[in-house]
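In: Predicted model and sequence below, questions to follow.
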Protein chains: 2
Amino acid sequence: MFLFSQPVPTLCRNGDSLVILDQTALPWQRVERRLTTLEEVAHAITTMQVRGAPLIGCTAACGVALALSADARDPQLEHALATLGATRPTAVNLAWALARMAARLRPLPVAQRAAAAWTEAATIGAEDAATCAAIGAHGLALLRTLPPRAGRPLRIMTHCNAGWLATLGAGTALAPIYAAHAAGLAPEVIVSETRPRNQGLLTAWELRSGGVAHRLIADNAAGLLLARGEVDVVITGADRIAANGDTANKIGTYLKALAAQANGVPFYIAAPRSTFDFSAPDAAAIPIEERSAAEVLEVCGVDGDGNSRQVALAPADTQVANPAFDLTPAQLISGFITERGIFTADHLREALA
Amino acid sequence: MFLFSQPVPTLCRNGDSLVILDQTALPWQRVERRLTTLEEVAHAITTMQVRGAPLIGCTAACGVALALSADARDPQLEHALATLGATRPTAVNLAWALARMAARLRPLPVAQRAAAAWTEAATIGAEDAATCAAIGAHGLALLRTLPPRAGRPLRIMTHCNAGWLATLGAGTALAPIYAAHAAGLAPEVIVSETRPRNQGLLTAWELRSGGVAHRLIADNAAGLLLARGEVDVVITGADRIAANGDTANKIGTYLKALAAQANGVPFYIAAPRSTFDFSAPDAAAIPIEERSAAEVLEVCGVDGDGNSRQVALAPADTQVANPAFDLTPAQLISGFITERGIFTADHLREALA
């Protein structure tokens, strides 16, 4: 079994508060942030201080527990579920975790709810870590089946960040990569910067910390590298997978899937069962979050003196379209790497529903 | 005839020097730069102070004239041709303009060369402006044939900057858009920011200055917008087009072409005859420029005080792949909008060679 310990916990409980690693400060600063109220938890999810479908699910579960620690009566429970449920629309893990909390907590006497909520949230977190490990093991087996390359490393392209930062464990898309690295396969990862929020830089930071070889590219460069035969497999995470296998993931995933298919490169989605939404028949049922223009018009970096700085790329009144996710049709997806194994779209329901 | 006057000249002669609009300072600052030596001209092309395939061709021609104004003997002529020819490898307009200068100047007596060089460079520039106007007219006719839309404007997606900034006239890909705007078609342009150098911001600046409606997107968002049916046609420029129609253009063009085809949206290349390289049978014969890692790792913007600032996105020693162009196969291209008309790939040779 491939064991992985998060270098910094993405989320932990401290009494009746939460401590998160603020991902908006990465990769330059390691800022831990204490959340003590429901509103602070909701804000952390909305502003993407915590991000990644599995992690926001568990964070929301902890947010319910935190709210109930102050007041466990019905109105507060329902208020917490509604507040957290409204933070982000696309990743179904959020709705999944809240539904699980609701089912566990609503039947309980008020006096038992807070403790039960913390236990359930901790269980969700522990299950997520185990899920990541299983995804890593199944993914490693897949990577071992890829045809050998002449004179270059096993090369995996990913998108956005679906690493340990996005989960309570080793990650989803990056779990097979960490497993391959641990197994001595010496993989090299092609990391798209993932505009507009540049979560690829989180992936590069993770891989650097873990000693995994990687190269950063502009998102635009993915097509050429795939066409040149420089990539063996593409693996990304997901935010919601419909019953037919259509997949919502970070904006830009669809373009990589198109380029992979056009060039005969396998394209896999790595995701836990909680990312599958069998109530959505296909992509048309998945809501796409539109985020603020500022994400496109401004960028945060570090100046020559090492100070974090926000700079504007274009005038603030520039008209912008900023959908945060896109939809990859099932036909472009070679398979889904889950904790229960690897499945093609036409077997999802029997394997997972 | 659609007439267009450049709001600021991209390139002009001033005695025995050149004055360029420094495009690395746009969209925030309007910096005119005087170039007085061959080396300064070569530097301006290499560092992309001037950019865009037609403009760098004409700038190189002027660079030859400038060098010959100081010394018109054979060694200087050959040195100028070699120096300018080595600045950038992909855009064939550069090699085309230099070959034209060489053919005109090598047979001449030394005493006549400088004046003839300036005349030939000016002719190249004037021809480019006329070419842009003709591309605009043919492109406008094409836009008029697109099916009418219900309740939304004619919407054109482009990539990078192939506007007046890239030429001596109205532009290539943007010429049909300016013509449509002038004709009252009220087009809206979807502008990709075009990482890593963000030339889409130049396009947004051009369109804003010209009063043309537009929305800026992250490059990653192109696929979703095309899949949603929000775009009527994609038009980009080109840096080199092989005999079979395979096209090198700014990195990311290929991904848009794939997404356009997957969603039944026509995809056109707008380019002058000088961008066609019939000596290259197909994409395999086109060299792809690899540019510096810093283009990916750093970004320039404006801080809250209005000062231009370079910020780092990732550590300077991050491994990077930064190909500046990609290759779009002819099968993905609906047609080529040229000054002689619009042609499909299988008719290029008879129409243009």
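Out: Happy to help now that I have it.
In: Grab the longest helix from chain A for me.
Out: helix A:110-145 (DSSP state H).
In: What's the mean pLDDT across that helix?
Out: Across helix A:110-145, pLDDT averages out at 97.
In: Stretch A:39-51 now?
Out: Mean predicted confidence for stretch A:39-51 is 97.
In: do that stretch and chain B meet?
Out: No - with CB under 8 Å from any CB of the partner chain as the criterion, chain B is not reached by stretch A:39-51; the gap is at least 15.1 Å. Where you see a C-beta, it was placed from the backbone N, CA and C, and this is true even at glycine.
In: distance between that stretch and the chain's centre?
Out: When C-alpha coordinates are averaged (CA atoms, centre = their mean, to the nearest Å), stretch A:39-51 and its chain have centres 14 Å apart.
In: Then stretch A:183-192?
Out: With CA atoms, centre = their mean, you get 19 Å for stretch A:183-192.
In: ok so, going back, in terms of secondary structure, what does the longest helix of chain A contact?
Out: Judged by 3 or more CB pairs under 8 Å, 6 or more residues apart in numbering or on different chains; DSSP states H and E, helix A:110-145 is in contact with strand A:11-14, helix A:53-70, helix A:92-105, helix A:175-182, strand A:233-236, strand A:267-270, strand A:335-338, strand A:341-343.
In: Now do the first one: distance to the chain's middle.
Out: Centroid displacement of strand A:11-14 relative to its chain, using CA atoms, centre = their mean, is 19 Å.
In: Whatever residue of the stretch 101-250 of chain A ends up closest to chain B and B:Thr194, how far apart?
Out: Taking CB to the nearest CB, chain B has its nearest neighbour within the stretch 101-250 of chain A at A:Asn220, 2.9 Å off. Going from A:Asn220 to B:Thr194 by CB to CB, to the nearest Å gives 7 Å.
In: got any residues that touch both of these two?
Out: Contact criterion CB atoms under 8 Å, 6 or more residues apart in numbering or on different chains; residues shared by A:Asn220 and B:Thr194: B:219, B:250, B:252.
In: pretty sure the second one contacts B:Arg195?
Out: No - B:Lys250 sits out of contact with B:Arg195 when judged by CB atoms under 8 Å, with a separation of 10.1 Å.
In: what residues do the two have in common as contacts?
Out: A:Asn220.
In: How about the spatially most central residue of chain A: what's its closest non-neighbour residue?
Out: Nearest to the geometric centre of chain A sits A:Gly52, at 2.9 Å (CA atoms, centre = their mean). Leaving out its chain neighbours, the residue that sits closest to A:Gly52 by CB to CB, 6 or more residues apart in numbering or on different chains is A:Ala166, at 2.3 Å.
In: check contacts around A:Phe336.
Out: A:241, A:245, A:268-271, A:342-345, A:348.
In: residues near A:Leu206, how many?
Out: One correction, residue A:206 is Glu, not Leu. Neighbourhood size, A:Glu206 [other CB atoms under 10 Å in any protein chain shown]: 25.
In: Is it in a helix, a strand, or coil?
Out: For A:Glu206, the assignment made with DSSP: H, G, I helix; E, B strand; the rest coil gives helix.
In: count of neighbours near the residue lying closest to it once chain neighbours are set aside?
Out: Nearest residue to A:Glu206, sequence neighbours excluded (CB to CB, 6+ apart): A:Gly163, at 4.5 Å. Close neighbours of A:Gly163, defined as other CB under 10 Å, add up to 32.
In: Next one: A:Gly163 from B:Gln29, what distance?
Out: 39 Å.
In: Which segments of chain A make up each domain?
Out: The record's domain parsing of chain A by automatic domain parsing lists A:11-129, A:138-352.
In: In JSON lines: the ones you listed, plus distance to B:Gly57.
Out: Compiled in JSON lines, the domains of chain A are given as follows (distance: least, CB to CB, whole Å):
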{"stretch": "domain A:11-129", "distance to B:Gly57": "41"}
{"stretch": "domain A:138-352", "distance to B:Gly57": "24"}
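In: Check those domains for me and report the most buried one.
Out: Comparing the domains of chain A by mean neighbour count (mean count of other CB atoms under 10 Å in any protein chain shown), domain A:138-352 ranks first with a mean of 21.
In: and A:Gln76, what does it touch?
Out: A:67-68, A:70.
In: The same query, at a cut-off of 10 Å, please.
Out: For A:Gln76, the contacting residues are A:38, A:64, A:67-68, A:70, A:110, A:113, by CB atoms under 10 Å, 6 or more residues apart in numbering or on different chains.
In: Report the inter-axis angle for the helix or strand harbouring it versus helix A:53-70.
Out: Following DSSP states H and E, one finds A:Gln76 within helix A:74-85. Inter-element angle recorded for helix A:74-85 and helix A:53-70: 160 degrees (by axes from the mean of the first three to the mean of the last three CA atoms, to 10 degrees).
In: wait, what's in contact with the residue lying closest to A:Ala173 once chain neighbours are set aside?
Out: With sequence-adjacent residues excluded and distances taken as CB to CB, 6+ apart, A:Ala173 is closest to A:Ala162, at 3.6 Å. A:Ala162 makes contacts with A:52-54, A:132, A:135, A:171-175, A:177, A:199, A:202-203, A:235-239, A:249-250, A:269-271, as judged by CB under 10 Å, 6+ apart.
In: would you list every one of the helices in the stretch 151-300 of chain A?
Out: A:175-182, A:200-210, A:222-227, A:253-262, A:294-297 (DSSP state H, counting those that start in this stretch).
In: Which strands and helices lie in contact with the first one?
Out: This means helix A:175-182. In terms of contacts (3 or more CB pairs under 10 Å, 6 or more residues apart in numbering or on different chains; DSSP states H and E), helix A:175-182 is packed against helix A:110-145, strand A:155-158, strand A:188-192, helix A:200-210, strand A:233-236, strand A:267-270.
In: swap the cut-off to 6 Å and go again
Out: helix A:110-145 (3 or more CB pairs under 6 Å, 6 or more residues apart in numbering or on different chains; DSSP states H and E).
In: just the fourth one next, same as before
Out: Applying 3+ CB pairs under 6 Å, 6+ apart, one finds that helix A:253-262 contacts helix A:222-227, strand A:233-236, strand A:325-328, helix B:253-262.
In: between it and helix B:253-262, how many degrees?
Out: Going by the same axes, to 10 degrees, helix A:253-262 makes 90 degrees with helix B:253-262.
In: Contacts for helix A:253-262, please.
Out: Helix A:253-262 is contacted by residues A:159, A:222-223, A:226, A:234, A:236, A:267, A:326, A:328, A:332, B:223, B:255, B:258-259, B:262 when judged by CB atoms under 6 Å, 6 or more residues apart in numbering or on different chains.
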